[in-house]
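Peer 1: make a model of this:
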Amino acid sequence: MATRGFVLYLLSGFSVAVLSVFFFTGPNGYHTHTYPPSNLSSLNNTVLQYPFPSVSSSTEKSWPELKFSWRIVSATLIGFLGSAFGTVGGVGGGGIFVPMLTLIVGFDTKSAAALSKCMIMGASTSSVWYNLRVSHPIKEAPIIDYDLALLFQPMLMLGITVGVGLSVVFPYWLITVLIIILFMGTSTRSFFKAVQMWKEETILKKALEEQRQSMVNSHGELLLDAEYDPLVPREEKSWIQNLCSNLRWKGIVVLVTVWVIFLLLQILKNDTAVCTAWYWVLFLLQFPVAIVVFGYEAVKLHSEYEKRIISGNTEAVCEANIEWSVLNLAFCALCGILGGTVGGLLGSGGGFILGPLLLEIGVIPQVASATATFVMMFSSSLSVVEFYLLKRFPIPYGLYLMGVSVMAGFWGQFFIRKLVAVLKRASIIVFILSGVIFASALTMVESSASNRASL
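Peer 2: From the prediction side, this is the model:
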């Protein structure tokens with residue numbers, strides 16, 4: 001199965017990284033750029049550990065004044081384009097924002113990471129609002145797959161908390177290698193998938209063109225094959241009708257509840273001394289929360305799948321085109337934890353894994369983008385609330401960049417979906433996803449080289 005090969009690739013790279021820590025350590029058992037042990041005491045410290053040498057607790061706070069200059073103009077332009085394309089691809093764009101804020105605007109990396117989360121939250125929130133107002137491109141169903149969101153979100157958030165803890169253990173050079181392995185692999189995989197979809201769409205368009213020339217109904221109107229509809233977003237219903245049909249309050253309430261529980265646990269853990277009994281109790285409490293929600297959704301999908309098999313119904317249980325067997329459900333749990341761990345380790349929030357993964361399991365691009373952005377809204381907002389309470393970013397800059405991202409997220413979705421409708425090629429979304437991941441790899445590696453040269 002191609003999806004398992006993709007995850008095997010990620011697991012191999014992650015395992016090599018872990019083993020390398022034990023082989024490339026100093027005589028005292030720690031790598032050269034050891035982070036202070038105090039960084040392990042809270043999520044707000046570990047999550048800000050960016051994978052470069054400038055990100056240590058000794059880094060002084062650098063908050064440039066918000067005023068008109070070429071720097072703010074460049075940041076606005078890059079932030080707008082990064083947010084627009086990042087949310088369309090369902091990957092956020094954090095790999096572009098942090099280097100931009102450090103190298104161009106002049107923020108320290110911790111503050112840049114916090115502002116990056118503000119931008120991701122703004123863009124994902126506006127994108128979710130836009131997506132809730134459009135209909136599903138194929139059938140009468142929400143464009144956001146709440147079953148997949150409930151399946152992946154708890155394990156993704158659990159993985160993020162583990163990943164940010166590992167970020168202070170891995171040396172910066174090793175995380176840079178992980179960036180290359182992860183982003184190059186996912187961008188290449190997504191690019192070839194986009195090329196394959198483009199070829200399939202071309203064949204379909206040629207077949208439909210032949211039908212237009214040969215098939216006419218009794219009224220003299222051309223007959224279009226229904227198989228062509230997935231590439232064209234339907235706009236028959238009003239946006240209020242679409243909004244009502246896209247909202248599933250039960251799923252939203254569960255997701256918000258998980259979000260609140262994780263936030264409370266992180267806040268309590270932040271005020272607890274590291275490695276004490278109470279600290280580990282709070283850390284381990286995250287596991288039953290994530291497992292209970294995942295287990296409930298997994299049992300639901302498995303039971304529904306079994307019922308349809310018995311009745312001979314071949315319709316998919318949700319948007320993913322896979323068998324919901326016990327093995328595949330365990331595989332999805334592993335993917336969620338792995339994606340969150342790598343996302344927390346690299347400071348990307350997990351979108352760079354979830355977006356390509358949804359495409360791998362057969363979710364169409366429009367729904368994959370909407371679902372990944374929906375999940376990303378929860379993970380990014382969790383970080384933003386913590387950063388705000390801890391005063392980790394300047395409020396004026398946060399509001400300004402968030403405003404830029406809100407507009408970018410909305411108009412990015414608007415123009416790209418119109419472009420998909422005109423060109424009748426949903427593969428455009430996958431090409432954008434691949435391009436954003438590749439651009440993130442280049443900017444983060446460049447940032448690493450720049451910080452290395454400045455030492």
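
Peer 1: and the nearest residue to residue 140 once chain neighbours are set aside, what does it touch?
Peer 2: Nearest non-adjacent residue to residue 140, counting by CB to CB, 6 or more residues apart in numbering: residue 245, 7.4 Å away. For glycine as for every other residue, the C-beta is placed from the backbone atoms N, C-alpha and C. When contacts are counted by CB atoms under 8 Å, 6 or more residues apart in numbering, residue 245 is found next to 135, 140, 142, 237.

Peer 1: pick the one among the residues you listed closest to residue 391.
Peer 2: residue 142 (37.6 Å; CB to CB).

Peer 1: and that closest one, how far from residue 257?
Peer 2: 19 Å (CB to CB, to the nearest Å).

Peer 1: tell me how far the helix or strand where residue 182 lies lies from the chain's centre.
Peer 2: Assigned by DSSP states H and E, residue 182 falls within helix 172-214. For helix 172-214, the separation from the chain centroid amounts to 18 Å (computed by CA atoms, centre = their mean, to the nearest Å).

Peer 1: quick one: residues contacting the most centrally placed residue in the chain.
Peer 2: Nearest to the mean C-alpha position of the chain, by CA atoms, centre = their mean, lies residue 351 at 1.4 Å. Applying CB under 8 Å, 6+ apart, we find residue 351 in contact with 86, 90, 91, 92, 94, 120, 343, 372, 376.

Peer 1: now the residues you listed in CSV, with neighbour count?
Peer 2: Formatted as CSV, the contacts of residue 351 follow (neighbours: other CB atoms under 10 Å):
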residue, neighbour count
86, 37
90, 30
91, 35
92, 36
94, 28
120, 33
343, 27
372, 34
376, 31
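
Peer 1: which of those fall within helices?
Peer 2: Members of the contacts of residue 351 lying in helices (criterion: DSSP state H): 86, 94, 120, 343, 372, 376.

Peer 1: closest to residue 384 out of those?
Peer 2: Taking CB to CB as the measure, residue 384 lies nearest residue 120 of the ones in helices among the contacts of residue 351, at 8.5 Å.

Peer 1: what is the burial count for residue 248?
Peer 2: When neighbours are defined as other CB atoms under 10 Å, residue 248 has 17 of them.

Peer 1: the one 3 residues further on too?
Peer 2: Applying other CB under 10 Å, we find 19 other residues in the vicinity of residue 251.

Peer 1: distance check, it against residue 426.
Peer 2: 24 Å.

Peer 1: low pLDDT regions in the stretch 101-250 of the chain?
Peer 2: Scanning the stretch 101-250 of the chain for pLDDT under 70 picks out 164-165, 167-168, 170-173, 175-176, 212-236.

Peer 1: residue 108 is in contact with residue 101, isn't it?
Peer 2: No - Residue 108 is not in contact with residue 101 according to CB atoms under 8 Å; the separation is 9.3 Å.

Peer 1: tell me who's in contact with residue 129.
Peer 2: Here residue 129 is in contact with residue 410 (CB under 8 Å, 6+ apart).

Peer 1: of the contacts of residue 351, closest to residue 66?
Peer 2: residue 120 (19.6 Å).

Peer 1: in the stretch 301-450 of the chain, which spans are strands?
Peer 2: Counting by DSSP state E, counting those that start in this stretch, the stretch 301-450 of the chain forms no strands at all.

Peer 1: what about the helices in it?
Peer 2: Taking DSSP state H, counting those that start in this stretch as the criterion, the stretch 301-450 of the chain contains helices spanning 326-346, 351-360, 365-389, 395-423, 427-453.

Peer 1: dump those helices to JSON lines, plus distance to residue 177.
Peer 2: Formatted as JSON lines, those follow (distance: least, CB to CB, whole Å):
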{"stretch": "helix 326-346", "distance to residue 177": "11"}
{"stretch": "helix 351-360", "distance to residue 177": "16"}
{"stretch": "helix 365-389", "distance to residue 177": "24"}
{"stretch": "helix 395-423", "distance to residue 177": "30"}
{"stretch": "helix 427-453", "distance to residue 177": "10"}
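
Peer 1: what's the most buried one of the ones you listed?
Peer 2: helix 351-360 (a mean of 28; mean count of other CB atoms under 10 Å).

Peer 1: touching, residue 333 and residue 156? I think so.
Peer 2: No - if you go by CB under 8 Å, residue 333 and residue 156 don't touch, sitting 10.4 Å apart.

Peer 1: sorry, back to before: the residue nearest to residue 140 sits in which helix or strand?
Peer 2: helix 239-246.

Peer 1: what helices and strands are in contact with the helix or strand following that helix?
Peer 2: For helix 239-246, the following helix or strand on the C-terminal side (DSSP H and E) is helix 249-270. If you count contacts as 3 or more CB pairs under 8 Å, 6 or more residues apart in numbering; DSSP states H and E, helix 249-270 packs onto helix 43-46, helix 146-166, helix 277-311, helix 365-389.

Peer 1: just the C-alpha atoms of helix 249-270, please, in CSV.
Peer 2: The C-alpha atoms that make up helix 249-270 are tabulated as CSV, following Å, rounded to 0.1, in the frame of the first residue of the first chain:
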residue,chain,number,x,y,z
TRP,A,249,-22.4,20.4,16.4
LYS,A,250,-21.7,17.0,18.0
GLY,A,251,-18.3,16.7,16.4
ILE,A,252,-17.5,20.3,17.1
VAL,A,253,-18.4,20.0,20.8
VAL,A,254,-16.1,17.0,21.2
LEU,A,255,-13.2,18.7,19.4
VAL,A,256,-13.6,21.8,21.5
THR,A,257,-13.7,19.7,24.7
VAL,A,258,-10.5,18.0,23.8
TRP,A,259,-9.0,21.4,23.1
VAL,A,260,-10.0,22.8,26.4
ILE,A,261,-8.7,19.7,28.3
PHE,A,262,-5.3,19.8,26.6
LEU,A,263,-5.1,23.5,27.3
LEU,A,264,-5.8,23.1,31.0
LEU,A,265,-3.4,20.2,31.4
GLN,A,266,-0.6,22.3,29.7
ILE,A,267,-1.3,25.3,31.8
LEU,A,268,-1.1,23.2,35.0
LYS,A,269,2.0,21.5,33.8
ASN,A,270,3.7,24.8,33.0
